[in-house]
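Trainee: Compute the structure for the input listed below.
(one chain, ligands or ions: 2)
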Amino acid sequence: MSTSTNYSKNVILLPQTNQLIGLYSIIRDQSTRRGDFVFYSDRIIRLLVEEGLNQLPVQKTIIKCHGNHEYEGAKFLGKICGVSIVRAGESMEMGLRDCCRSVRIGKILIQRDEETALPKLFYEKLPEDISERYVFLLDPMLATGGSAMMAVQVLLARGVQADRIFFLNLLAAPEGIQTFQNKYPEVKIITGGIDQKLNDDKFIVPGLGDFGDRYYGI
Ligand code: PRP
Ligand code: URA
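Mentor: Ligands and ions are numbered 1, 2, ... in the order given. Coordinates of the predicted model:
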């Protein structure tokens, strides 16, 4: 397992607590059945969303508490939305909704070619005012980085500022992080794990297999 110290400050690795390692141990295990895979992936996704929210800018605000006591608190600045990379990224939508009630969620359908591992863009549907928003880009797997980079390209073409994109990701390969960061250094990557490498089929090693297939059971 690599650490985030090998990368720029825009690569944010969740603290590798015993609890988090325990959650990953369950979803990495090839004998884990689908119900558990979904349940424990969802727990990790929730942690990623919480960390994404931690990264948003806030403004100081004074709150009047009971007895008229004042409390110096914080409130979020600006609007957010989610954008999932279909299909596997859709698994992260509920975690975002659980934290941000009625959040808008756009979709970008990108699929890796099974032979070449190169991404293909099929469809996009994004909020009209996305250029004014902070965007949580959702995809559990960052392997070569091709799919995530293609999605960022779509967001930038729609006027989103690069430093307002937060890519939430369960598992990344060092090769993918490097390629992504070289192209989009301002985009923050928030990940729960950085693995050893990619194999010849461009799958993450040790990884967890095909996330979409395991989560959706197809
Ligand atoms: C997987 C995954 C990412 C992509 C990562 O999706 O969810 O989108 O591969 O690989 P990359 O970094 O090399 O581009 P896939 O295209 O297999 O489709 P799926 O979401 O239907 O599983
Ligand atoms: N997509 C996955 O689901 N897993 C990998 O290891 C690589 C791409």
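
Trainee: So the nearest residue to residue 122 once chain neighbours are set aside, which state does it fall into?
Mentor: Across the structure, with Cβ to Cβ, 6 or more residues apart in numbering as the measure, the residue nearest residue 122 apart from its sequence neighbours is residue 109 (4.3 Å). Placement of C-beta: from N, CA and C, glycine included. Three-state secondary structure (criterion: DSSP: H, G, I helix; E, B strand; the rest coil) places residue 109 in strand.

Trainee: Now do residue 109, the pLDDT please.
Mentor: Here, the pLDDT recorded for residue 109 equals 98.

Trainee: Then residue 98?
Mentor: Reading off the per-residue confidence, residue 98 sits at a pLDDT of 97.

Trainee: before we move on, what about residue 115?
Mentor: Model confidence at residue 115, given as pLDDT, is 93.

Trainee: Which residue comes closest to residue 94 once chain neighbours are left out?
Mentor: With Cβ to Cβ, 6+ apart, the residue lying closest to residue 94 is residue 42, at 7.0 Å.

Trainee: Quick check: the one you found vs residue 15, distance?
Mentor: With distances defined as Cβ to Cβ, to the nearest Å, the gap from residue 42 to residue 15 amounts to 19 Å.

Trainee: how about stretch 31-46: buried residues?
Mentor: Judged by neighbour count using 16 or more other Cβ atoms under 10 Å, the buried positions of stretch 31-46 are 32, 37, 38, 40, 41, 42, 43, 44, 45, 46.

Trainee: Could I get those in TSV, plus columns for distance to residue 174 and pLDDT?
Mentor: What follows is the buried residues of stretch 31-46, written out as TSV (distance: Cβ to Cβ, whole Å; pLDDT from 0 to 100):
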residue	distance to residue 174	pLDDT
32	25	98
37	24	98
38	27	98
40	24	98
41	22	98
42	26	98
43	25	98
44	19	98
45	22	98
46	25	98
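
Trainee: In helices, which of the residues you listed fall?
Mentor: Residues from the buried residues of stretch 31-46 lying in helices, with DSSP state H as the criterion: 37, 38, 40, 41, 42, 43, 44, 45, 46.

Trainee: That'll do, ta.
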